[in-house]
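Engineer: Provided below for reference: sequence and predicted model.
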Amino acid sequence: MGTAFMRRTIVLALGLMAIASLLTAAYVRCSKAHDSSAAYRHSAQAQPPADSKDQWTGSVEQKLWGLMTIWAEAKFNFPYFDRIPDVDWDAKVQEYVPRVIKADSLESYYDVLMEFAALLKDGHTRVLPPWMFVRPGYDHPPLELQALGESFYVALTGDTPEIRTQGIIPGMEVLDIDEVPVRTYLKEHVLRFVCWGAPQADEAIGLMGILSGPKDSRVSLKVKDPDGSVRRVSLTRNSTDKDGKPFLWRFVRWYMVDPLIETKMVEPDICYIRISNFGGKVAEEFQKVFDRLDLSVLKGVILDIRHNPGGNSTNSYSIVGFLTDQTMKASKWKSLSYVPAYRSWGQPTGWTEGDAAVIEPREGKKFTGPLVVLTGPGTFSAAEDFLVPFQYGKRAVLVGEKTAGSTGNPIHVPLPGGGNFMVVSKRDMFPDGREFVGIGIQPDVEVRPTQLDLLRGMDSVLQKGIEVIRNWASYNK
């Protein structure tokens, strides 16, 4: 590529940067209630371009326009630049100019855009390509992995001849993928393109894409059996399970397949309620289940949101109202307020702040006894909003692992070729100002699943929750 051409390209890029910055204000919006997981409902299907101008042509101008759109929207809306001091956003976009120009296909172009957006390291900020979350023609083996400490293990398997004949079982450690250490493979093939929140979320939710590849191709895993012997297994990237349905990871299944509410009595006087997600009519479904409960016999309730990917925080707050007789406070927020005159005077960017949302108890039947909420790194978005009033108001004891550390109300902006860029628009925190985005909400009682749990099919987190209920006075302090 000649020097003159590169000079013209940089000039064009800088011009587009200026134009894009003028359009930014049109997209700014803030809301206390958000449906930040709505994108998951579109799953694997590519979405058609919203407008004829978004049709893919592959021109240099179009490629640059997509890159500059991401740059401008993030520059004026993203509220967490202080979390990434090593990222000079203006310098980075100039580094990516020749890379987007060089991209010779829609897929390679979006790979570059996704990598650029991932520099922001936020679970609600990313490029969604036209194919959304599953690349066309790609699949994965019927296998779910789980990070436990510094190692990775098989958590769940499908029931296929390939799985059975190779003796692949939950609790088996996975040492490498195609002769690359698992953590290195995860960073290079998944996290380079998308972030899910805090590091624990990247390793929990990000693992979903780690075995993905061209359908029916093979992937090699070095595994360690429970007896310590090491061997290599080979799996076909075909998620079809014994029943002919695709094998889904829990994070996906909870949002797209499973009932919104599932309940059972784990003890004669302790009710377990799993809330799969906070989308759709979850509040109505919860009310149906709740109103059938005989509260007079209950010594405690355990809510499970360990793989709940979120939904709408309004729904989550409605459910909180069933479980308290006191007014409670949820998250407060702030959003960037850009005033050009302040910039001309060298003053810092201002903020617009929103008070903590107030949650009132529901009218009628309420449960006010011992309450435990099970959490994990797959507790994401509106599911974390759900936890804030419980922990801040000391209404429940949180048991399990630190949450994903990602919530917010993202702006969605179309990109050339049919994809879009979503960028978080507000900074959420506890009513007292305590931050949890990028960090995660720390449980009151930390319990980490173990390899033995996987081998024996045990749920040590749930068992701890039952123990907390039985010894409520000792834990509810």
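Structural biologist: Received, thanks.

Engineer: which stretch of helix or strand covers the most centrally placed residue in the chain?
Structural biologist: Closest residue to the average C-alpha location of the chain: W196 at 4.6 Å, with C-alpha atoms, centre = their mean. For W196, there is no helix or strand it lies in under DSSP states H and E.

Engineer: report pLDDT for it.
Structural biologist: Predicted confidence (pLDDT) for W196: 95.

Engineer: same deal with G321?
Structural biologist: So G321 comes in at 98 (pLDDT).

Engineer: show me where the stretch 1-150 of the chain dips below the pLDDT cut-off.
Structural biologist: Applying pLDDT under 70 to the stretch 1-150 of the chain flags residues 1-53.

Engineer: which residue ranges of it form helices?
Structural biologist: For the stretch 1-150 of the chain, helices defined by DSSP state H, counting those that start in this stretch occupy the ranges 3-23, 60-77, 89-102, 106-118.

Engineer: which parts of the last one are buried?
Structural biologist: Of the residues in helix 106-118, those buried under the neighbour-count criterion (16 or more other C-beta atoms under 10 Å) are L106, Y109, Y110, D111, V112, L113, M114, F116, A117, A118. (Glycine included, C-beta is placed from N, CA and C.)

Engineer: I'd like to know how far the second one sits from I101.
Structural biologist: Spelled out, it's Y109. The gap separating Y109 from I101 is 10 Å, by C-beta to C-beta, to the nearest Å.

Engineer: shared neighbours of these two, anything?
Structural biologist: K63 (C-beta atoms under 8 Å, 6 or more residues apart in numbering).

Engineer: which stretches of the stretch 101-250 of the chain form strands?
Structural biologist: 126-128, 138-139, 143-148, 151-157, 173-177, 180-181, 213-214, 218-224, 230-236 (DSSP state E, counting those that start in this stretch).

Engineer: how far off centre is the next helix or strand after the last one?
Structural biologist: So that's strand 230-236. Next along the chain after strand 230-236, taking DSSP H and E as the criterion, comes helix 250-256. Relative to its chain's centre, helix 250-256 lies at 12 Å (C-alpha atoms, centre = their mean, to the nearest Å).

Engineer: from the contact counts, what lies against the strand or helix carrying Y272?
Structural biologist: Y272 is part of strand 270-275, with elements assigned from DSSP H and E. Using 3 or more C-beta pairs under 8 Å, 6 or more residues apart in numbering; DSSP states H and E, the elements in contact with strand 270-275 are strand 261-267, helix 282-292, strand 300-304, helix 460-470.

Engineer: what lines up beside that strand in the sheet?
Structural biologist: Sheet pairing of strand 270-275 (DSSP bridges) gives strand 261-267 (antiparallel), strand 300-304 (parallel).

Engineer: nearest to G311, out of the ones you listed?
Structural biologist: strand 261-267 (12.8 Å; C-beta to C-beta).

Engineer: I'd like the distance between W254 and P410.
Structural biologist: 21 Å.

Engineer: picking up where we left off before, CSV for the buried residues of helix 106-118, including distance to D202?
Structural biologist: What follows is the buried residues of helix 106-118, written out as CSV (distance: C-beta to C-beta, whole Å):
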residue, distance to D202
L106, 26
Y109, 24
Y110, 20
D111, 18
V112, 20
L113, 19
M114, 15
F116, 18
A117, 15
A118, 10
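
Engineer: nearest to D444, of the strands of the stretch 101-250 of the chain?
Structural biologist: strand 143-148 (21.1 Å).

Engineer: the closest one relative to strand 151-157, how many degrees between them?
Structural biologist: 140 degrees (axes from the mean of the first three to the mean of the last three C-alpha atoms, to 10 degrees).

Engineer: buried sites along stretch 314-333?
Structural biologist: Within stretch 314-333, the residues that count as buried by 16+ other C-beta under 10 Å are 314-324, 328-333.

Engineer: wait, I meant stretch 277-294
Structural biologist: Quick answer for stretch 277-294 (16+ other C-beta under 10 Å): N277, F278, G279, V282, A283, E285, F286, Q287, V289, F290, L293.

Engineer: stretch 191-205 too?
Structural biologist: In stretch 191-205, counting by 16+ other C-beta under 10 Å, buried: 191, 193-205.

Engineer: and if you look at stretch 390-402?
Structural biologist: F390, Q391, Y392, G393, R395, A396, V397, L398, V399, G400, E401, K402.

Engineer: on that earlier part again, dump the strands paired with strand 270-275 into CSV; add distance to M458, mean neighbour count and mean pLDDT as well.
Structural biologist: Listed next are those as CSV, based on distance: least, C-beta to C-beta, whole Å; neighbours: other C-beta atoms under 10 Å; pLDDT from 0 to 100:
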stretch, distance to M458, mean neighbour count, mean pLDDT
strand 261-267, 13, 15, 97
strand 300-304, 15, 24, 98
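
Engineer: alright, I will stop here.
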